[in-house]
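A.B. asks: predicted structure and sequence below. I'll ask about it afterward.
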Amino acid sequence: MADRSALEAAAAAGVINAEQVGPLYDFLSSQQAGVKPALAGEEDLRFIRNFHDVFLAIGIVLFAVGLAIAIGTWVAGSAHEPRQAALLAGGLSATAAVVMWLLGEVFARRRRLFLPAIAIVVSMTAFAVVGAASLYFGLLIGENVNLDADLSQGMPPQVRAGLMLAAAFAFITPLMFYARFRLPFSMGLAGGGVAAFIIATALMFSFDETLKLLPAIYLGLGVLLFFAGVAFDARDPMRTTRYSDNGFWLHFAAAPLILNGAFGLVTMAFGGGQVSGAAGLVMASADENANALGQAAATLAVIIALGFISLLINRRVLIVSALLTTGVAIGVIMNEFGLGAGALAASTLIVLGGFVLILGAGWHGVRRALLGWVKPDGAWARIFPPEAPAAA
């Protein structure tokens, strides 16, 4: 196994640059684990090597679910007062989070198995959030604090602080995991956790106003995560190191926020209230066909713009996240032709599948045409990595 401390010592001695320690460690670890290097510029899924990884990940998920059931059973059978039950649940959940961390030492740090590590950090984050909330509110029970406060009616500061603490662990935990194990998925999970924390905090301080601005908040947070992903991509335009993987998972977290925010704004612009995405299109279709058609067209315009951006930065994950809403938008437009249920479903899937196939088959050619102005050694190439010239 590659020794990170030896690489750090080499950097301190000036043998290699400090920035090379992480990528070199990942490369040596991947080589020892049997992971083949990715093709330059491709989004290689380095979080899975073979079915053994899947097998271990399933085992970890089953183990975590078993722990959760055991905790619930133990609390239900041992605690007879709410305070006692909350404290016991919090203590056991925190212990389960520690157990997940120890599993991370084995599978994430020592063996560098990325898919099992993903299952570990997700389970650990869930246990940490539940543990923090249970311990905090267990301490509040019996302290003359109203715990039944309504979000829309305001809440006591103690309750607000407890909910914010629990929400904070949704990003603190994966950040700690990343700091220790350098698992790229943790970066995306932490990004999503930060977004969830901001939204939850805004709802707790101003519920009604936040609800009205929710699509704009989604969009703004998604764009911030998108730029964070671009910043990591710019450090690795060839998509060969951990920086690129960090960018991939940040884009993965950003895409749903961007889409829900953009589609929510489209829905509100067409008089659909606060219902966003596919649900907004379906409801508009039921209320007014012309309104649904305009909304579907606007939705497709958003998706086309997102696809254009995906081509420029060479990230397919943004398009994949939009497939469901794209299918609904196409279905609404096809419905205007008076097709039956079977023909409507078939035509929608054919158009959607054809779109993905054409885009996938022509991905490199289209990027080559769009980015011909980008010099391979220029500053823009770090954000918009150009395609290699076509083979003769």
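C.D. replies: Yes, it's here. Numbers count the residues shown, from 1 in each chain.
A.B. asks: and A6, how far from R180?
C.D. replies: A6 is 18 Å from R180, where distance means Cβ to Cβ, to the nearest Å. Glycine gets a C-beta too; all of them are placed from N, C-alpha and C.
A.B. asks: just to check, G138 is in contact with R83?
C.D. replies: Yes - look at G138 against R83 with Cβ atoms under 8 Å: they come within range, at 5.6 Å.
A.B. asks: and A6 and R180? Which one has more around it.
C.D. replies: Set side by side, A6 and R180 give different neighbour counts by other Cβ atoms under 10 Å, the larger being at R180 (14 against 11).
A.B. asks: would you confirm that the more buried one contacts L102?
C.D. replies: No - with contact defined as Cβ under 8 Å, R180 does not count as touching L102 (11.6 Å).
A.B. asks: G138 and R83 - which one has more neighbours?
C.D. replies: Per other Cβ under 10 Å, whichever of G138 and R83 has more neighbours is G138, with 20 against 15.
A.B. asks: roughly how far does that one sit from V130?
C.D. replies: Using Cβ to Cβ, G138 is found at 12 Å from V130.
A.B. asks: equivalent analysis for L88, please.
C.D. replies: Between L88 and V130 the distance, using Cβ to Cβ, works out to 12 Å.
A.B. asks: what about the residue positioned nearest the centre of the chain, helix or strand, and which?
C.D. replies: The residue at the geometric middle of the chain, judged as the C-alpha nearest the mean C-alpha position with Cα atoms, centre = their mean, is A253 (2.6 Å). Per DSSP states H and E: A253 is located in helix 242-269.
A.B. asks: now do the strands in the stretch 51-200 of the chain.
C.D. replies: If DSSP state E, counting those that start in this stretch is used as the criterion, the stretch 51-200 of the chain turns out to lack strands entirely.
A.B. asks: looking at the chain, which helix or strand is least sure?
C.D. replies: Of all the helices and strands that make up the chain, helix 277-287 has the lowest average by mean pLDDT, DSSP states H and E, namely a mean of 51.
A.B. asks: I'd like the next helix or strand past it.
C.D. replies: The element immediately downstream of helix 277-287 (helix or strand, assigned by DSSP H and E) is helix 289-313.
A.B. asks: which residue is the nearest non-sequential neighbour of A231?
C.D. replies: Nearest residue to A231, sequence neighbours excluded (Cβ to Cβ, 6 or more residues apart in numbering): G247, at 7.7 Å.
A.B. asks: ok, now which ones touch the one you found?
C.D. replies: With Cβ atoms under 8 Å, 6 or more residues apart in numbering as the criterion, the residues that contact G247 are G229, V230, A231, F232, D233, D236, R315.
A.B. asks: who wins on neighbours among those residues?
C.D. replies: Within the contacts of G247, most neighbours by other Cβ under 10 Å means G229, with 28 neighbours.
A.B. asks: re the thing from before, anything in contact with each of G138 and V130?
C.D. replies: With Cβ under 8 Å, 6+ apart applied, the overlap between the contact sets of G138 and V130 consists of A89, G90.
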